[in-house]
Each structure stands twice: as C-alpha cells, then as structure tokens.
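Undergrad: Starting from these lines, generate the structure:
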Amino acid sequence: MEGLASVHDLQALSALLSPNHEDEEEDFQQVKPMSRMGPGHIGSPAAPLEKKNKEGRTAYVKKNSKNIWDEDEVTEGAHFDDLTDPRPQPEYEIVLKQSVGTEDLFLGLSRKDPSSMCCDSMLVRVKLPDTKASDLVLDVRETFLDLRTPKYKLGLHLPHPVHKQEGNARFIVEREELEITLPMNRPMDCINLT
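TA: Below is the predicted model:
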C-alpha cells in the first residue's frame, strides 16, 4: 500500500511541476488579484488594483504601448540635446557662493561652514569668444541651463536645483565671458535658515 501511495504522490507531484499550457492560462485568469501582486504594489490598496484589472490595465502596461518611456521618466533638459548640431560647447565653470557676514566670520553665530551644503547661490561662468551680448539666448530651468549663440551651444545639468526666476546674468565684454548667478533652491534645515 505504501508503494502505491508513493507512486500516486509522485504522479501528483509530476502533474504539479509540468502543467499543461492550456490549464496554465485558465489558472492565471482564476487567480485572485491579491495573489498577482508584486513588489511594486507594496503600500497601495488592493481596491485600485482590482479596478485596474477590470479595465484591462495592469501596473506593468504603459498608457500608450508605442511609447518607450513616459514624460515623467525623462530628465529635465533632455529635449535640448541636439546631436546633429555641430556647434561646440564653450568652456565653463561652476562656482558655489555663500553670503557671509561679520557674525559668521568672527563669531560663528549662523553655523555656516565652508562646505557646499551652506552655499546659497551658484555662479556659472561661460567663456564665449567672438560673441556679442545681443546674440545670446539663455533659458534657465530648475535643474538645467540652456545657452545658445551662433557659434556655441551649452546644455548644462545643474548640480543643485535653483530658483529660475530670481537669477541674473551679465556679459563682460573685456573678458568675453557670461556670468550667470542663480540662487539655489535649498530645503529649510538648521543650516539654511534664510
């Protein structure tokens, strides 16, 4: 009797390990939505998942299947990258600046230190030889700076977010250099209280 039971158990195990493909599709459709949840569904309620499944969408299907990625997944400034544009990128440097007063220098009252965490503005210097100020086209976003001239183009991803409406720029003719000062968009913490 034990031999028959073990043969039966082996046959049942074999049926479980190699199911028919037709039965697999039927079994998948009969599975409850909770058992189809994956790691991406952690923290989301089960009711919206059931609603999505009834509509024919799941978390893994994009809105338009012809799109490779959503607009949310593209980094800011990627639409300015023009690979067919032969204009060279000008030389530039980024300098982080702090507003330091006498109370910071002599008394150390504001808890500022020389680190970049305490900086409150960013200075971008761009060398533009043989360029006039009237030829410049400048567009500043929160994390991207786009500068175009007839001879040069610069698409620069900024190291820190900035206040795009509060910056200023000046063109220094003697040095043929553009200086763009952008206040940084810092979260309020114990260091950045202003």
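
Undergrad: How far does stretch 146-160 stretch from one end to the other?
TA: By C-alpha to C-alpha, to the nearest Å, the extent of stretch 146-160 from end to end equals 15 Å.

Undergrad: what about the strands in this protein?
TA: According to DSSP state E, the chain carries its strands in the segments 92-97, 121-127, 137-140, 144-148, 153-157, 168-172, 177-183.

Undergrad: wouldn't Q89 be in contact with L154 here?
TA: Yes. Counting by C-beta atoms under 8 Å, Q89 sits close enough to L154 to count as a contact (5.6 Å). C-beta here means a position set from N, CA and C on the backbone, and glycine is covered the same way.

Undergrad: any idea of the pLDDT on K66?
TA: pLDDT, K66: 73.

Undergrad: Report how many residues lie close to it.
TA: Residue neighbour count, defined by other C-beta atoms under 10 Å, stands at 5 for K66.

Undergrad: E176 touches V126, doesn't it?
TA: No. Look at E176 against V126 with C-beta under 8 Å: they stay out of range, at 9.8 Å.

Undergrad: So if I had to pick from the two, which one is more boxed in?
TA: V126 (25 against 15).

Undergrad: gap between the more buried one and Y92?
TA: In this view, V126 and Y92 are 5 Å apart by C-beta to C-beta, to the nearest Å.
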